[in-house]
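# predicted coordinates and the sequence they were generated for:
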Amino acid sequence: VTVQSDATLGGIGTVKSITIQAGGIGAPGNSVGTQSTGTLTLNNTAILDFDFGSAVASNHGSPGASDRYNITTNAAGTLVFPSGGTISLNLASGASNFTGTGSYELMSYTDPTAVFNFATGDGTTGSIRFGTGWGIPGLAFNFVNDTTAKGIFLDFVSSGPVVVDSTWQTYGDGNWTTGG
């Protein structure tokens, strides 16, 4: 399946092969869920819409619940990022789940050589850039390819107070204090 500009391929289930063109939108899951494919090719300026559920401590072996692509072909080059380009990750829902420290698996694969052209980054650098919905203050993010856990992960950690509004804030420990 080729997803053209301004078109969206979403939902759960299995698709033999997915290519998301420039301006095309991939939206795996149904709320939080998984879309499986033999191969996933992301062209420069492709867009991904993801939902994020509850997070757990930064643990790639047991990440938080989120939308995910599951690449099922056991071969090199089955998860391809744009060479020298970037894709955008939109936060469709779940901003309130980003507190403290945690990890989400965005893409899983079966072969450690599956990933081509991926560059680690923080949402403003690297292969994956933040799109809409990411106005979450007080957090540091990192997109990583963990070849041991066989996945592309979004890790986050509180880098100070997370200001919810101008009066209340939390430091990621679950305790609320008045802002000052």
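Received it, and whenever you're ready, just let me know what you need. Numbers count the residues shown, from 1 in each chain.

# so which residue is dead centre in this structure?
Leu106 (4.2 Å; Cα atoms, centre = their mean).

# name the element Thr39 belongs to?
strand 34-42 (DSSP states H and E).

# quick one: strands adjacent to that strand?
Taking DSSP bridges as the criterion, strand 34-42 sits next to strand 13-20 (parallel), strand 68-71 (parallel), strand 79-80 (parallel) in its sheet.

# just the CA coordinates for the helix or strand that it is followed by, please, in PDB.
Note on strand 34-42: by DSSP H and E, the next helix or strand toward the C-terminus is strand 47-51. C-alpha atoms of strand 47-51 as PDB (Å, rounded to 0.1, in the frame of the first residue of the first chain):
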ATOM      1  CA  ILE A  47       3.700  12.100   8.900                       C
ATOM      2  CA  LEU A  48       2.900   9.700  11.700                       C
ATOM      3  CA  ASP A  49      -0.100  10.200  14.100                       C
ATOM      4  CA  PHE A  50       0.300   8.200  17.400                       C
ATOM      5  CA  ASP A  51      -1.800   7.800  20.500                       C
END
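
# now do strand 47-51: which elements does it pack against?
strand 25-28, strand 87-93 (3 or more Cβ pairs under 8 Å, 6 or more residues apart in numbering; DSSP states H and E). Glycine gets a C-beta too; all of them are placed from N, C-alpha and C.

# show residues contacting stretch 13-29.
1-12, 34-51, 66-69, 72, 87, 92 (Cβ atoms under 8 Å, 6 or more residues apart in numbering).

# give me the buried positions along that stretch.
Neighbour-count burial for stretch 13-29, counted by 16 or more other Cβ atoms under 10 Å, picks out Val15, Ile18, Thr19, Ile20, Gln21, Gly23, Gly24, Ile25, Gly26, Ala27, Pro28, Gly29.

# thank you, goodbye.
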